[in-house]
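> Coordinates for the following, if possible.
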Amino acid sequence: MSQQSYLTCHLQDAHYAISTDHVLEIFPLPELQIVPETPADLLGMINLRGKMLPVMHLRRRISKAPLVCTASDTVIVLDCSGFQIGAIVDRVSEVCVLDEAAIDQDLAYGRQGHTNTAFLSGVAQYSDNNLLILNPDALVSLPDEVADWVWQADETGGLAADAQIEKVGSFYDLYFPTATAAERQLMSQRAAGLRPAIEVSDNSQAVPLAVFGLGGEYFGISLGSVREFINTHNIRPIPCAPSQIIGNMNLRGEIMTLVDMRPALNLSIATAPSSQAVVTQIGDVIAGLSIDELHDILYIDRAAFAAVPVANQQSRVGLIESTAPYRDTMLSVLNLPQLLKIA
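Down below sits the predicted model:
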């Protein structure tokens, strides 16, 4: 039976999903640059490492619900219709795996008036929710017009004159009128963090990483070792198991061991159990690693990786294979095979 991974997200009370084949990266919503005379579906753009990325809000695209952005919104960078576009959602939930046979492609039956089926390719049941599967090829209207607008923005740097901004309104005037001074500063810092810090050589290769938080630090693991991200539930303790083994969990009929990485990484033990985990696979070994929060799925240039500091290497027994800049700090890239051996 064919299976496919999907990234799930929320828009108001609805649960949506899109194939991870189309997902390039994820990050918190930054301040957008407003450009006059943009296509109707677009809110603005972001300077994403030297390339202008158009950004739309999925709520505007698929429904007529009122459009107000918040600092907790998330941008999913998608490969749609042959080019990249950012899509704003309320929040990203998890990565799940669905059997293709379990996706109902009869969108009309029993669903008239409940959702705009023009942007969907199917509906599936997952964790007691109706999961609306997005059709990436339908998300961008007038793709040729959008592509031309992006090309012009790249040529000009995408900056609007002060008089134009005063005429059409700023990002906050148009989409985030309730933003506090602290939220404006935060979103401005996010935008600055997405701009290129260094020139990346043309022949460099990018490494895909899943980035998550654990014990107040950022960690990354190779996306190739990630099966999915899940919310944990009904965990059964294992008698006489080592302290780092949280217990077993039934994952759609498959018994999976859930591991706490904190002891091995010399992190403080959590006061309350985490409700999220990343499911990893190395060869035939499948394990769930407890995490605090999924932050990003992104690509980092190989030239940006650095050796692990000696003190860090000694305290973590070779579990960290490299470090890389992330946001305003550093993330540690885990040596997953070594970590699973210890666990």
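> now the residue sitting furthest away from the middle of the chain, what's its secondary structure?
Each residue of the chain has a distance to the centre, and by Cα atoms, centre = their mean the biggest one is for residue 240: 36.8 Å. Recorded secondary structure, residue 240: coil (DSSP: H, G, I helix; E, B strand; the rest coil).
> Model confidence for it, exactly?
At residue 240, the model reports a pLDDT of 86.
> and if you look at the one 4 residues further on?
On pLDDT, residue 244 comes in at 85.
> ok, and for stretch 206-221, which residues are buried?
207, 209, 210, 211, 212, 214, 218, 219, 220, 221 (16 or more other Cβ atoms under 10 Å). C-betas here are computed from N, CA, C, even on glycine.
> what does stretch 72-80 give?
For stretch 72-80, the neighbour count (16+ other Cβ under 10 Å) marks 73, 74, 75, 76, 77, 78, 80 as buried.
> May I ask which two of the buried residues of stretch 206-221 are separated the most?
Spatially, the most separated pair among these is 207 and 214, at 19.6 Å (Cβ to Cβ).
> For the stretch 101-250 of the chain, which segments count as strands?
120-126, 129-134, 206-214, 217-222, 226-231, 245-251 (DSSP state E, counting those that start in this stretch).
> Going by mean pLDDT, which of those strands comes out lowest?
The minimum mean pLDDT among these belongs to strand 226-231 (a mean of 82).
> ok, that strand: who's next to it in the sheet?
In the sheet, strand 226-231 lines up against strand 276-282 (antiparallel) (DSSP bridges).
> Other residues contacting the strand it pairs with?
The contact list for strand 276-282 (Cβ atoms under 8 Å, 6 or more residues apart in numbering) reads 94, 210, 212, 221, 225-232, 251, 256, 258, 286-294, 336-337, 340.
> Report the buried residues of it.
276, 277, 278, 279, 280.
> would JSON lines of those residues with pLDDT and distance to residue 47 be doable?
Below are the buried residues of strand 276-282 laid out as JSON lines (pLDDT from 0 to 100; distance: Cβ to Cβ, whole Å):
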{"residue": "276", "pLDDT": "86", "distance to residue 47": "31"}
{"residue": "277", "pLDDT": "89", "distance to residue 47": "34"}
{"residue": "278", "pLDDT": "89", "distance to residue 47": "30"}
{"residue": "279", "pLDDT": "89", "distance to residue 47": "34"}
{"residue": "280", "pLDDT": "89", "distance to residue 47": "33"}
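> give me the low-pLDDT residue ranges for the stretch 1-150 of the chain?
1, 37-40, 64-66, 81, 107-116, 141-150 (pLDDT under 70).
> 50 instead?
For the stretch 1-150 of the chain, the stretches with pLDDT under 50 are 109-114.
> can you pull the contacts of the nearest residue to residue 70 once chain neighbours are set aside?
The shortest distance from residue 70 to any non-neighbouring residue, by Cβ to Cβ, 6 or more residues apart in numbering, is to residue 176 (7.2 Å). By Cβ under 8 Å, 6+ apart, the residues touching residue 176 are 68, 69, 70, 183, 187.
> okay but the last one is in contact with residue 29, surely?
Read that as residue 187. Yes - Residue 187 is in contact with residue 29 according to Cβ atoms under 8 Å; the separation is 6.8 Å.
> which stretches of this protein form helices?
With DSSP state H as the criterion, the chain has helices at 58-62, 143-156, 162-168, 171-175, 181-194, 310-315, 336-342.
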